[in-house]
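Visitor: coordinates for the following, if possible.
(3 chains)
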Amino acid sequence: MPIIKFITRRLGLGVVTLFAVSLLIFLVTQAFPSDPAQAILGRETTPESLDALRQELGLYRPAVTQFSDWLIGILHGDFGKSFVTQMQISEYIAPRVGNSLFLMVVGALLSVPLSVAIGAFSALRRDRRFDTISSTTSLILAAIPEFVMGTALILFFSTSIFHVLPAITLIDAGAAPWSDPSGVVLPIFTLVLAVTPYVSRTMRASMVEILESDYVEMARLKGMSERVVLIRHALPNALGPVFQVIALNLAYLAGGTVIVERLFNYPGIGSALADSVRARDLPVIQFLALMIAGVYVLMNLVADVATVLATPRLRTSLK
Amino acid sequence: MRDQIIATTSDRPVGLVRKALKLRRTKIGLSILIGVGLMAIVGPFFAPHTQTEFIDMPNSLNIPGALFGTDYLGQDVWSRFLIGGRSILLLSLGATTLGLIAGISLGLLAALSKGKIDELIMRIFDVILSFPQILLALLLVSMFDASPWLTILSVGLSTTPRVGRVIRGAALSVVERDFVNAAIALGESRFRILFFEVLPNVTGPLLVEANLRFTYSIATIASLAFLGFAPDPSAANWGTMIQENSTVIVIQPWGAVLPVIAIAVLTIGTGLFGDGLARVSAGIDRGKESVEQ
Amino acid sequence: MTSGLSILNLRVNVSATGNDIVNEIDLKIQKGRVTGLVGESGSGKTTVGLAVLGHARRGVEIVQGEIYCDDTDVLNLDEDAKREIRGSLVSYVPQDPTSSLNPALRIGVQILEVLETHDFGGSDQARRVRVREMMAEVLLPADDEYLERYPHQLSGGQQQRVVLAMAFACRPAVIVLDEPTTGLDVSTQEHVLKTIRNLSSQHGVAALYITHDLAVVSELADDVAVMYAGRIVEQGSASDIFNNPSHPYTRHLVAAAPDIAGEQQIVGLAGRAPSPGKRPNGCAFSVRCESVTDDCLSQFPLSVSISQSHFARCINIGKGKTSAKPESIKLVKKVSPNTVLELRNISAGYGGQPVLEEISLILGRGQCLALVGESGSGKTTVARCIGGLHTEWSGEIFLNNEKLNRGSRQRRIEQRLGIQYIFQNPYGSLNPRRTIGDSIIRPLVISGSTGSTVKKELNEVLEKVSLPSAYSDKFPDQLSGGERQRVAIARALISRPDVLVCDEITSALDVLVQAAVVDLLATLQRDLGLAILFITHNLPLVRSIADEVAVMSDGRIVEFGDTATVIGNPVQEYTQRLISATPSIARSSK
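Guide: Here you go, the predicted structure:
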């Protein structure tokens, strides 16, 4: 079936991209100028200890071997060991993955319907009050960096004006995020505010194009009511753009968590990344970078496939 | 009235900007941009104290001569604020310029070449685009220290494919048009065609994208500083200041509030300016013209 | 009251400025009759068509007038009532079926829904039967497989027939067809026109057929109304209009329309119609009219009756000079001593798919060879191979007995300048960011000329194409389509080429401008001894310019000979079918 072939091909492309990404990450970390063993043990150490540590870390293997071992390890669930804590990376990040996912999922559950609805509604009420207000607001909000937005929110809700929500999440890495609900409100709110404006503008643009199209005009000239025109004619053509929009949303959320988690001290992947970068903890950096990039690649893949499936013209011309 | 301020294809970039400035939002955006930009650049000359000077106890307000008090190390907030914008602004300009040059060249090349070269360029773009901008910057910065050049390079690198994709898209429709075919028939060199036939006809999307990228560069570089990776950690930097002073935000808000306002206003300014450009250049450079009016 | 369509004193404005797009439109169409609404682009004919359905596009509003479809006063209905009549009492057939059919819905569904919306037939069962009926009427398969197709899985002609099925499904009393055959091949057009004729007469529908193509109107319409600058300037039965065109504009239109069975040379008219807001108080055509008198400028002429059914809005009908009698087409073959361009066994393809098969041609100095074919015949590919724009071909091309390399970059500069290419789309062939002057002198600059020689050549060539030298500082978007094509011709001429390859250069132009450009080309050819390869799908146009014709189909030349023979006495069946499918004013008037 051509659809299966297409999906397989697209998956293949995604895998190749991911491979190239992992190669890039590996090459970058290989270029690290200092000696990791030195960085871990510090200055007061003997050449023998350095040598032994290097052996243990596998730094004497040729680069190619290091790379392939790393990749193979990942495929087997062995993500390596942190330089700093000497913990297995998988143990270290397991609880944090859940936390970040929680943020992303709840963020998505809120921002996706919001951006689709606001975008679509603005297009429908084009140039009228709702549209002008929402367009200007999203324009203003879209430009501001997340940490600035987050800090502003903290100012409003945690400190000067209202003292409603905590500025920092006091959750342990291991505990479930919902054990302290007030602590996750601001991070999620920041994420949603950061992502929704931009995505709703994209949605609006796609909807406007559809609503101005010849076939929508034709549907009106056939005497169909506005409701039918929207639901039966405009909507099916909007599915493609909506999927793109959802993928965009999720991708941005993944990127945004890095900053937001650090800002709110939220124990997730993002803050782990920030910490490991500061500590020059190479294996952790490598793995986390790979993970976040992997989410991006996956989201794009899903968006592409969903778009083709939702657009009859593309679906039927598959070979 | 608004609908009638549309640029035509004979508007060079300057004409486009001039037309865009007729809209209120562009005027506001540009004024903000110039205002904050000027303050960032010349601010250091007006700072009453140096950025690391200890003037009083940390986190105190109500100090005569220091309207906004001291920060967490006892340094003058107002001075650090005046000094702290320059680095972000200049680095962002540098990164955006780098990204634009590389992105435009590659995007145009991909559009004109089609075939294998196009494929290759797009695949490379895909790989770089798999990283959120901040991630790529963090990755590079973690390996080497956050020097100004590295910051420009890493943010410029992540900007390149974003610009490249947009330019390629716009150029693809231009390349189909017959005046490019006419140049090919005359035997013009590929370089000439790209930069003298195609490029002038994508200035609409280009200006809009350049502005957008500038906004995101500011965001990324400020975020980097916030995470602790400014080129000079002790130097005054709006991003660093927000991070340093957010823990004491309850007692001494100004250390964080001033830079927050500055960054927010700056990015809103660029956003408004870019939106004005986008509205005015909406129809042109897309080759959509009706036959015979 | 009456049946059919009545439009009374219709006026439609641009909302923002109050300028009229169309004004004082009076039109009546009886049941079962077809009226052709003729005009060039910008005349407002589409606006009239949409108004019949009570619809106006964004930024446009209907401000005055009455429109009756059967007894229903369309303009005074509220939105819901308007929706009820659209598709059931009055239907619309748009120009471009590809963009008017929803790409995400199956065609069966799109026909069914117009029946459902107006509750035709009373039951689902009855409606499905009706869908199949309609498909049969438009000569399309009515089986499930076909009905489940998406629009992009149909050809242009098939799509248009689906749209016709949708329009006639609810048995409307009035139908508005807006250029429904533009862009279709001649043979497809023939099918579609036949379908329209049958459906209209069978169902007793009053049809308003909007078009710029006079030949189609002469074959299809019972009555004709001619529009210029937003007003109807002449109205009458088809025989009135074609046998006795009275308004100067109509006379020019008829004189400019290429006719495959006609014997006159086409005559053009430069200039363009004034757009909304720029129309004078007097007659809008006065600027271009040769019979203009002072009275024409004070107010728009009132309607003058020429016969019982025939009216024109002109005060100088029958007075003033008549336009010079067009010369009959010279059907004499020019004998040429030199061969300037030769193609031997050219076979070409796109990515492996064969497009041309063993094409051989000879073009002599001072001769014009027309390459005619429907879309997909390969004629543009031949042109692109000659011009060095397409490199996937085998065979040999000789320019002045020198073999040419495939791509233009591999050719010598003299060869590149020796073959000049003129493109179809006047809006795409000039760099919008360059002045006209810069674009024209490019070939000279490339070959190394500089300074004053260039300026001299530029002025000379502008004069040859009848453009003022001040134009050299203008930008393309300040010129009309016809003017831009002249610029393209100037750019081609400046390097004194041996061969001019004209690729559908008038297909995007209005009739009057087209004739003017062809006239210019013929003059230049005579004066400069140019060899022209004229590529077109418009067979009638060929009579006016070509000495010889090669007819192409499916990548092969199926017929070749001098123009008179090929068109008057074609040997091949393909050519014969093509000619008989082409509408002709002369033929319909007999």
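
Visitor: give me the contact status of the biggest helix by length in chain A with chain B.
Guide: For chain A, the longest helix by residue count, based on DSSP state H, is helix A:89-124. No: on the criterion CB under 8 Å from any CB of the partner chain, helix A:89-124 is out of touch with chain B, staying 12.9 Å away. Using the backbone N, CA and C atoms, a C-beta is placed for each residue, glycine as well.

Visitor: what angle do the helix or strand just after that helix and helix A:89-124 make?
Guide: Where DSSP states H and E defines the elements, the next helix or strand beyond helix A:89-124 is helix A:129-143. Put simply, helix A:129-143 runs at 150 degrees to helix A:89-124, going by axes from the mean of the first three to the mean of the last three CA atoms, to 10 degrees.

Visitor: packing partners for helix A:129-143?
Guide: helix A:89-124, helix A:181-211, helix B:254-280 (3 or more CB pairs under 8 Å, 6 or more residues apart in numbering or on different chains; DSSP states H and E).

Visitor: now for the second one, which elements pack on it?
Guide: For helix A:181-211, the contact count by 3+ CB pairs under 8 Å, 6+ apart identifies helix A:89-124, helix A:129-143, helix A:146-157, helix A:235-264 as packing neighbours.

Visitor: report whether the helix or strand that comes right after that helix contacts chain C.
Guide: Remark: after helix A:181-211, the chain's next helix or strand is helix A:214-221, criterion DSSP H and E. Yes: counting by CB under 8 Å from any CB, chain C is contacted by helix A:214-221 at A:214-215, A:217-221.

Visitor: most neighbours of all the residues you listed, which one?
Guide: Counting neighbours by other CB atoms under 10 Å in any protein chain shown, the top entry in those is residue A:219, with 27 neighbours.

Visitor: quick one: the helix or strand of chain B with the lowest mean pLDDT to helix B:254-280, angle?
Guide: Least confident helix or strand of chain B, by mean pLDDT, DSSP states H and E, is helix B:13-20 with a mean of 81. Comparing the axes of helix B:13-20 and helix B:254-280 via the same axes, to 10 degrees yields an angle of 100 degrees.

Visitor: next, the buried residues of helix B:13-20.
Guide: For helix B:13-20, a neighbour-count test (16 or more other CB atoms under 10 Å in any protein chain shown) marks B:13, B:16-17, B:19-20 as buried.

Visitor: still on that earlier bit, how about the helices and strands packed on helix A:129-143, which one is nearest residue C:187?
Guide: With CB to CB, the closest approach to residue C:187 among these belongs to helix A:181-211: 34.3 Å.

Visitor: and the helices and strands packed on helix A:129-143 as CSV, adding mean neighbour count?
Guide: Listed next are those as CSV, based on neighbours: other CB atoms under 10 Å in any protein chain shown:
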stretch, mean neighbour count
helix A:89-124, 20
helix A:181-211, 21
helix B:254-280, 24
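
Visitor: quick one: closest of those to residue C:439.
Guide: Closest of those to residue C:439 is helix B:254-280, at 25.1 Å (criterion: CB to CB).

Visitor: residues of the stretch 151-300 of chain A that sit close to chain B?
Guide: So the stretch 151-300 of chain A meets chain B at A:151-152, A:154-155, A:158-160, A:167, A:251-252, A:254-255, A:258-259, A:262-263, A:273-274, A:276-278, A:280, A:285, A:289, A:292-293, A:296-297, A:300 (CB under 8 Å from any CB).

Visitor: could you list every residue that touches the residue most central in space within chain B?
Guide: Residue closest to the mean C-alpha point of chain B, counted by CA atoms, centre = their mean, is residue B:214 at 0.6 Å. Going by CB atoms under 8 Å, 6 or more residues apart in numbering or on different chains, residue B:214 touches B:92-93, B:96, B:270.

Visitor: work out for me the element it sits within.
Guide: Secondary-structure assignment from DSSP H and E places residue B:214 in helix B:203-226.

Visitor: what mean pLDDT does that helix have?
Guide: Helix B:203-226 shows a mean pLDDT of 90.

Visitor: using CSV, write down the CA coordinates of it.
Guide: Backbone C-alpha positions of helix B:203-226 (Å, rounded to 0.1, in the frame of the first residue of the first chain) are rendered in CSV as follows:
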residue,chain,number,x,y,z
THR,B,203,13.3,41.6,-0.4
GLY,B,204,9.8,41.6,1.0
PRO,B,205,10.1,38.2,2.8
LEU,B,206,13.7,38.9,3.5
LEU,B,207,13.2,42.1,5.4
VAL,B,208,10.4,40.5,7.5
GLU,B,209,12.5,37.4,8.2
ALA,B,210,15.6,39.5,9.1
ASN,B,211,13.6,41.3,11.6
LEU,B,212,12.1,38.1,13.0
ARG,B,213,15.5,36.5,13.3
PHE,B,214,16.9,39.6,15.1
THR,B,215,14.1,39.3,17.6
TYR,B,216,14.8,35.6,18.2
SER,B,217,18.6,36.2,18.4
ILE,B,218,18.0,38.7,21.2
ALA,B,219,15.8,36.2,23.0
THR,B,220,18.3,33.4,22.6
ILE,B,221,21.4,35.5,23.6
ALA,B,222,19.5,36.9,26.6
SER,B,223,18.4,33.4,27.6
LEU,B,224,22.0,32.2,27.3
ALA,B,225,23.0,35.0,29.7
PHE,B,226,20.2,34.1,32.0
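
Visitor: can you give me how far it is from the chain middle?
Guide: 2 Å (CA atoms, centre = their mean, to the nearest Å).
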